[in-house]
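Undergrad: With the input below, show me the fold.
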Amino acid sequence: MPAGPSAPDDGRLLVPDTDADTDTDAEDHGTPSPPAAVGWVCIDCLDPPALAGWWQRLLGGALTVDEDGDVSLAGGSVPLLFLKVPEPKVTKNRVHLDLRVAEYDEAVARAISLGATPADDVYEGRRWRVLRDPEGNEFCILRPEGGD
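TA: Sure thing, here's the model as predicted:
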């Protein structure tokens, strides 16, 4: 019987990999290869060029528009892809970005000055700040590591 989840001293829950068919990378001499890597984080929106431009002002990076009108923002730690959809956002995001920053108060003020709005209805506390982009997508600004 395979071992169940275990909890290391740091509070994380570790679940053993029970997939006997895990690929290995020959160069790593038997080390399992990751099953996949994140190619894009996709953000549905009404106006991809406008929303991608807003995120570019917040994060930096380079924008590219493809033949379908989708806009990619590359150059940051995770590439973003803005996809046109016909309907506006109506509920809380199921996936969102957490942005770790060195200067928390400055980063929150900067995001708000660019047009982000506080989302205190989602969370209000000291550990991070939940904001919404111009189309209402939630994202968080996290305090620096050890900065609680």
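
Undergrad: Quick check: residue 98 is in a strand.
TA: Yes. Checked against DSSP: H, G, I helix; E, B strand; the rest coil, residue 98 lies within a strand.

Undergrad: Who's the closest spatial neighbour of it, skipping the chain neighbours?
TA: Leaving aside its chain neighbours, residue 98 sits nearest to residue 140 (4.6 Å; criterion: CB to CB, 6 or more residues apart in numbering). Backbone N, C-alpha and C define where each C-beta goes, glycine included.

Undergrad: Only alpha carbons, please: show the host helix or strand of the one you found as CSV.
TA: Here residue 140, judged by DSSP states H and E, is contained in strand 138-142. Listed next in CSV are the C-alpha coordinates belonging to strand 138-142 (Å, rounded to 0.1, in the frame of the first residue of the first chain):
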residue,chain,number,x,y,z
GLU,A,138,-8.2,40.0,-8.6
PHE,A,139,-4.4,39.9,-7.9
CYS,A,140,-2.4,40.2,-4.7
ILE,A,141,0.6,42.2,-3.7
LEU,A,142,2.6,40.2,-1.1
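
Undergrad: Partner strands of that strand, with direction?
TA: strand 97-100 (parallel), strand 128-132 (antiparallel) (DSSP bridges).

Undergrad: quick one: that strand to chain centroid distance?
TA: 9 Å (CA atoms, centre = their mean, to the nearest Å).

Undergrad: And for stretch 57-74?
TA: Taking CA atoms, centre = their mean, one finds the center of stretch 57-74 at 16 Å from the center of the full chain.

Undergrad: Would you mark the buried spots in it?
TA: 58, 61, 63, 70, 71, 72, 73 (16 or more other CB atoms under 10 Å).
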